[in-house]
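A.B. asks: Using only what follows, build the 3D model:
(one chain, ligands or ions: 1)
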Amino acid sequence: MGKPILGIKNVDTFYGKIHALKDVSFEVNEAEIVTLIGSNGAGKTTTLNTISSILKPAKGEIVFNGQTISRIAPHIVAKGGIAHVPEGRKIFPKMTVEENLEMGAFRFNDNNKIKKNMDYVFELFPRLLERKKQKGGTLSGGEQQMLAMGRALMSEPTLLLLDEPSMGLAPLLVELIFESIKRLNSEGITILLVEQNAHKALKIAHRGYVLQTGSIVLTGTGAELLQNEMVKEAYLG
Ligand code: ATP
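C.D. replies: Next comes the predicted model:
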């Protein structure tokens, strides 16, 4: 596995008085798929929002490619190569598929590059090509997930943060999304994946961390965590 690309170091994050992340530390290495698993309210979304700088940690730091990013604006973090696909997708419902994708290409002015990246997204998710003139809000949940991922890919990220990409999707679409995550990783994109579907996430992940009420309580390879008794009992049901 490659060198560390992302380091979360002793991070505490609060919402007012609510102490959501407590001394959280972990790393993601280049070319890995790392998954964060945990129950509702464990702090998974808060972790991703702290990495992409939507939330500022009260303590600790986030280091990306050797640079501290925990005190800089979210759009600068995004420009640096971290793309965040948020929980609930948050696509632009009144814009077409094509326009949503163009929004993701905010780093580039070069139309050829934007077209090339859009062709890549359409090759990855042919359904989006069929729907390219359709408004985002009219897409199914699965198509909106493809669009949210496609929009993130338009910025050519080195690190992709995925928050519950399979949430609410029918089994075939869940498969398709997981297959696309594996493919993106095989093409060199490092992935930090937050999932309720711990079984599927651990199956594709090189490594994983378990978050419980704001603290990391366990780590291991995907295979190790799948065999771990506590993980089996609490998350693999
Ligand atoms: P879920 O799967 O339900 O999204 P999660 O593991 O992503 O769970 P977070 O959403 O990160 O958990 O929440 C961590 C803690 O912070 C929870 O106790 C939650 O109630 C609290 N929290 C999250 N967002 C806010 C907010 N905007 N204001 C106040 N408290 C919040």
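A.B. asks: C-alpha from now on. contacts and neighbour counts both.
C.D. replies: OK.
A.B. asks: which intervals of the protein have sub-threshold pLDDT?
C.D. replies: The chain contains residues with pLDDT under 70 at 1.
A.B. asks: Residue ranges of each domain in it, please.
C.D. replies: Listed domain ranges for the chain are 1-81+158-237, 90-156 (source: automatic domain parsing).
A.B. asks: So which of the ones you listed is nearest the ligand?
C.D. replies: domain 1-81+158-237 (3.2 Å; Cα to the nearest ligand atom).
A.B. asks: would you turn the domains of the chain into JSON lines with mean neighbour count?
C.D. replies: Output for those, formatted as JSON lines (neighbours: other Cα atoms under 10 Å):
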{"stretch": "domain 1-81+158-237", "mean neighbour count": "19"}
{"stretch": "domain 90-156", "mean neighbour count": "19"}
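A.B. asks: can you redo these as TSV with distance to the ligand?
C.D. replies: Converted to TSV, these look like this (distance: least, Cα to the nearest ligand atom, whole Å):
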stretch	distance to the ligand
domain 1-81+158-237	3
domain 90-156	14
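A.B. asks: Is Ser39 in a helix, a strand, or coil?
C.D. replies: Following DSSP: H, G, I helix; E, B strand; the rest coil, we place Ser39 in the coil state.
A.B. asks: quick one: it and Ile72, what's the gap?
C.D. replies: Ser39 sits 29 Å away from Ile72, taking Cα to Cα, to the nearest Å as the criterion.
A.B. asks: With Lys59 instead?
C.D. replies: Lys59 sits 14 Å away from Ile72 when distances are taken as Cα to Cα.
A.B. asks: Setting aside sequence-adjacent positions, which residue approaches Ile114 most closely?
C.D. replies: Once flanking residues are discounted, Ile114 sits nearest to Ala105: 6.4 Å by Cα to Cα, 6 or more residues apart in numbering.
A.B. asks: wait, what's in contact with that neighbour?
C.D. replies: By Cα atoms under 8 Å, 6 or more residues apart in numbering, Ala105 lies in contact with Ile114, Arg151, Met154, Ser155.
A.B. asks: Got the phi and psi for it?
C.D. replies: Here is the backbone geometry of Ala105 (degrees, to the nearest 10): phi -90, psi 30.
A.B. asks: do the same with the one 4 residues further on
C.D. replies: The phi/psi pair for Asn109 (degrees, to the nearest 10) reads phi -110, psi -20.
A.B. asks: when you give positions from now on, start the count at 279
C.D. replies: That works, and once the first residue is 279, the last one we named lands at Asn387.
A.B. asks: now it: how far from Glu380?
C.D. replies: Distance from Asn387 to Glu380, by Cα to Cα: 10 Å.
A.B. asks: Quick one: list the elements packing against the longest helix along the chain.
C.D. replies: Longest helix of the chain, by residue count under DSSP state H: helix 449-464. On a contact count with 3 or more Cα pairs under 8 Å, 6 or more residues apart in numbering; DSSP states H and E, helix 449-464 meets helix 476-482.
A.B. asks: 10 Å instead?
C.D. replies: Applying 3 or more Cα pairs under 10 Å, 6 or more residues apart in numbering; DSSP states H and E, one finds that helix 449-464 contacts strand 311-315, helix 389-402, helix 419-431, strand 437-441, strand 468-472, helix 476-482.
A.B. asks: Now do the fourth one and helix 449-464, the angle between them.
C.D. replies: It refers to strand 437-441. Inter-element angle recorded for strand 437-441 and helix 449-464: 160 degrees (by axes from the mean of the first three to the mean of the last three Cα atoms, to 10 degrees).
A.B. asks: What strands line up against strand 437-441, and which way round?
C.D. replies: Using DSSP bridges, strand 437-441 pairs in its sheet with strand 360-363 (parallel), strand 468-472 (parallel).
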